[in-house]
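Student: Based on what follows, work out the 3D shape:
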Amino acid sequence: MAITDAHHHVWDLSVRDQSWISGPELAPLRRDFHLTDLEPQARAAGIDRTVVIQTVTVPEETPELLALAAVSDLVAGVVGWTDLTAPGIADELARLRTLPGGERLRGIRHQVQEEPDPHWLTRPDVLRGLRAVADAGLTYDLVIHPGQLAAATAAALRLPDLIFVLDHLGKPPIAAGTLQPWAQAVRQLAAMPNAVCKLSGMVTEADWHEWTTDDLRPYADTVLDSFGPQRLMFGSDWPVCTLAADYAHVVESTRTLLAGLTTGEKTEILSSTAARVYRL
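Tutor: Numbering: from 1, shown residues only. Model prediction:
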């Protein structure tokens, strides 16, 4: 079964610093990660297409990712960044689509997890920007922590025609081994029909050095039960995942988590949901 990797990154530190990579724990990420590094690993794991995701909140990155997608037979979609609060966001989204690879722009993402306001997603200027994203026919990826799930649910309720894609299950406390209050909050988001979830980022929310697939299972089962296979998609979160596991291990762990599902349900999570949501 061919797999779509709906969440990975690339960066070149000679082009732009990744300021979020700081401290000794993240030191292994402080180097370049190119698409040429990912391709052989992805092909070996049965990946036939990917979606590359923004990492920094600067306007220059999105055109670079689009240009990369334009010449790649692996990258099928781009989730970029633009300032949601800018008065000219609609024009900027239209401009991005005129650039090389612009036809592969599939969504927008902002580092909401770094915003100190837990209600940032429901600010009037942000909601206006999200409306522009919806009007452009794009999706919106949510990179948030559990305390921001309520605001995400409120935004999804106000914008029913915008598909919200929850990255990394909303970052549950896997290392702590606790489910609540994350599980209740994520179920409330899942009650919104325009919300989708990525089965991604779990290994770096677990204990990086001692995690097992069984540690991930309660969290994977929660989103599977809440969203269902048709609103769940796989993402590797490469290269961030390499802090806890190599690419092949992430894919294999995901396959193990899905082993009890039907072939059709596995296909939804490993390929069809991403194709449908991101129009790949």
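Student: mind listing the strands in the stretch 1-150 of the chain by residue range?
Tutor: Secondary structure of the stretch 1-150 of the chain (DSSP state E, counting those that start in this stretch): strands located at 3-8, 47-53, 75-80, 105-110, 139-142.
Student: just the ones you listed: most buried one?
Tutor: Neighbour counts (mean count of other CB atoms under 10 Å) averaged over each of the strands of the stretch 1-150 of the chain peak at strand 3-8, with a mean of 28. Where C-beta positions appear, they are placed from N, C-alpha and C, glycine not excepted.
Student: Please tell me how far V15 sits from A191.
Tutor: Separation of V15 from A191 (CB to CB, to the nearest Å): 41 Å.
Student: between those two, which one's more packed in?
Tutor: Just comparing V15 and A191: by other CB atoms under 10 Å the higher neighbour count belongs to A191, 13 against 10.
Student: Quick check, pLDDT for the more buried one.
Tutor: Per-residue confidence (pLDDT) for A191: 98.
Student: OK, contacts around it?
Tutor: T153 (CB atoms under 8 Å, 6 or more residues apart in numbering).
Student: Pull up the gap between it and D246, please.
Tutor: 36 Å.
Student: Now mean pLDDT and distance to R31 too, for the strands of the stretch 1-150 of the chain, in a markdown table please.
Tutor: Putting the strands of the stretch 1-150 of the chain into a markdown table (pLDDT from 0 to 100; distance: least, CB to CB, whole Å) gives the following:
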| stretch | mean pLDDT | distance to R31 |
| --- | --- | --- |
| strand 3-8 | 98 | 16 |
| strand 47-53 | 98 | 18 |
| strand 75-80 | 98 | 21 |
| strand 105-110 | 98 | 23 |
| strand 139-142 | 98 | 25 |
